[in-house]
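Chemist: 3D model of this:
(chains A and B)
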Amino acid sequence: MSHLIPLTAVYRLSDKWGVMMNTRKAMADSAANVPAGPSLLREKGIIKRFTDRYSESRGKAIIYSSAFLMIIAVVAITLFLTLQGLRSFVIDHLNIWNFLTGTEWYPDRASNPQFGAFPFIFGSVAVTLLAALLATPIAIGTAIFMAELANKWGQRIMQPVIEILVGIPSVVYGLIGLSVFVPLMRAHFGGSGFNLLAGALVVGIMILPTVASIAADSIRAVPDKLREASYAIGGTKWQTIWKVVIPAAGSSLMTAIVLGMSRAFGEALAVQMVIGNARNLPHSIFDPSATLTTIITLSMGNTTTGSVLNDALWSLGLILLAISYIFILIIRYLSRKRVV
Amino acid sequence: MKKKSLLTLGMLLALSFILVLGACGSSTAGSSSSSSSASSSKALSGKLTIGGSTALQPLAAQAAKEFMDKNPGVQIDVQGGGSGTGLSEVSAGNFNIGMSDIFAENGKNIDAKALTDNKVAVVGMTAAVNPKAGVKNLSKADLIKVFTGKVRNWKQVGGKNVKITLVNRPDGSGTRATFDQFALDKQTPAEGITQDSTNTVKKIVAQTPGAIGYMALSYFTANDHSVVKLSIDGVDATYENVASGKFPVWAYEHMYTKGAPTGLTKAFIDFVMSDAVQSKDVPAQGYFSESKMTVQRDASGKTTNK
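Modeler: Got it, this is the predicted structure:
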């Protein structure tokens, strides 16, 4: 949805710009055709004529090079991460299957160090799914409120509220989690209070505004004729929303949720503050746990370049990248379905 | 008009590119500029980059500030990043001085012979226990049992009937390495909560009934009863006992240079080792001066009398 907008905007801009340049060039040409001898040089200096002549190709070059820079950046990051991430398997000879499925992570143990990343993969997936589960109903509800029920003043109040929520830095969410959720968990569920659920709650609140604003956009994109048709056959407001608008916006709503999930998956700081960062597989949502991102941020600074632990952390990064690619594929799939 | 603004935009883009490239170039060249001549009579000038251990960062920053006050031509950047980063970057030549909590010999994939060690301070550490656990002293054997998960309740080691919650440090952390080696006799601790920052560890231990973690002695203050400073084998965790060799859990804080320090780098390290820093800033930041130790320790952890 919104991730598509920047791209199309660029195309549109380039089209408009090309047209604008063409007309300007035509004007310049017609001006140049006036036979006026030396005055020509004064009004249109050599440099100016030069830039006029090449304005078309220059504009093209700027736009194209920006686009290529983006592509190069993505390719470069992927290549770099892949090369670094594969080091632990190619150079340090860790078994890739044991790495993905092993449940013991003791990289610093003098005898028999273990690199099993499964608890972190599980932790990341669990936090993401739980966060989506917690955030989705509230986010969709908010979106319906914004787009369908409270049109005028809802816009005026909800839009800034959501923008503020998006703008709050993740460390602030982490602090709130640390001083509100963790003591709450400790008081009600025992233990230390640092657990999977606390992490999912914090991330759930973080992705709420993202999901809500994209969902609201997709609900607004549902054509009015559908609503009018529903009212015409006697549907109530609720029936229209539930039976017509939501199914019509269906796959865009899914896109909103998946986008939120991909944000949840990548979040490191706020989660690290409340999840406890224990590296064994949690038995329940009230056990401390760890995610791929929290282990990377916790350990990276303490490792030396080229050490096995450093390489293993890069491999965790590669797993993160692979999973975020999967998220993007899902989003592409969903948005294609919508178009057809 | 529009074309002119476009031209400006293009020029701005080009300019920013040049600036970015220039910045990249200067950062790699940073190490070379520091080796400007530094005879004691001449005014010092140049730029130093110091980075690594976050535990040593406050002391280095304080010393750097005083050094820059004395030598206005000098600019010193003190960065964090962790001990591993410090060792890697000083080996690669990106830092002039790499700060580390661990010996370079114990850093994996580091050529320790290429680095010169400067032991600028000693840091002592001990376990911090939640007051509700009801213990103030543990034998080393009991401490190992607690951290390896062999006992799960404080009453099994003479405390109250409270469940034990472990608070660890991340892999590779200098604090963790020191504690594992000298307090737990190289046993691998059982799994618990893992936190990086000492302040967070202290907060968790203070708030969670039955929690135990470990931290540098400077984080225990006399009138702060939020956590209990644990004695091991009846020996109080104080710098007097560390200096006499009675209390085993301590480590050096290192400032590594690539090869022998020269020029400005040498001048700064000499300043850190001078009495001005060693007797004022070192204790003020919660460390202990290496010169006052009666025991010494090598990279393998063997402790001998000086």
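Chemist: so where does the closest residue to residue A:210 other than its chain neighbours fall, helix or strand?
Modeler: Nearest residue to residue A:210 in three dimensions, chain neighbours excluded: residue A:260, at 5.1 Å (CB to CB, 6 or more residues apart in numbering or on different chains). C-beta: built from backbone N, CA, C; applies to glycine. Using DSSP states H and E, residue A:260 sits in helix A:246-266.
Chemist: same for that helix, what does it pack against?
Modeler: helix A:118-144, helix A:196-220, helix A:308-339 (3 or more CB pairs under 8 Å, 6 or more residues apart in numbering or on different chains; DSSP states H and E).
Chemist: quick one: buried residues of it?
Modeler: Within helix A:246-266, the residues scored as buried using 16 or more other CB atoms under 10 Å in any protein chain shown are A:246, A:248-249, A:251-266.
Chemist: per-residue confidence at the closest residue to chain A within the stretch 1-150 of chain B?
Modeler: Relative to chain A, the nearest point of the stretch 1-150 of chain B is residue B:82 (2.5 Å; CB to the nearest CB). Looking at residue B:82, its pLDDT stands at 85.
Chemist: residues from the stretch 201-306 of chain B in reach of chain A?
Modeler: Counting by CB under 8 Å from any CB of the partner chain, the positions of the stretch 201-306 of chain B adjacent to chain A are B:204, B:207-208, B:211.
Chemist: one more time with 10 Å
Modeler: B:203-205, B:207-211 (CB under 10 Å from any CB of the partner chain).
Chemist: farthest-apart pair in the residues you listed, please.
Modeler: B:203 and B:210 (15.3 Å; CB to CB).
Chemist: so these two - more neighbours on which side?
Modeler: Set side by side, residue B:203 and residue B:210 show more neighbours around residue B:210, with 23 against 19, by other CB atoms under 10 Å in any protein chain shown.
Chemist: residues contacting the more buried one?
Modeler: Neighbouring residues of residue B:210 by CB atoms under 10 Å, 6 or more residues apart in numbering or on different chains: A:191-192, B:129-130, B:132-134, B:152-154, B:159-166.
Chemist: just the buried members of those residues?
Modeler: Burial by neighbour count, judged by 16+ other CB under 10 Å, picks out A:191-192, B:129-130, B:133-134, B:154, B:159, B:162-166 from those.
Chemist: around chain B, which positions in the stretch 151-300 of chain A sit nearby?
Modeler: By CB under 10 Å from any CB, the part of the stretch 151-300 of chain A that sits against chain B consists of A:178-179, A:182-183, A:186, A:190-195, A:272-273, A:275-281, A:288, A:290, A:294-295, A:297-300.
Chemist: for the residue of the stretch 201-306 of chain B found nearest chain A, what are its contacts?
Modeler: Nearest residue of the stretch 201-306 of chain B to chain A: residue B:208, at 4.7 Å (CB to the nearest CB). When contacts are counted by CB under 10 Å, 6+ apart, residue B:208 touches A:182-183, A:186, A:191-194, B:130, B:132, B:163, B:165, B:167, B:193.
Chemist: report pLDDT for residue 285.
Modeler: Because you didn't say which chain, this covers chain A. For residue A:285, pLDDT reads 87.
Chemist: if you could check chain B rather than the one you did, that'd help
Modeler: The model reports residue B:285 with a pLDDT of 85.
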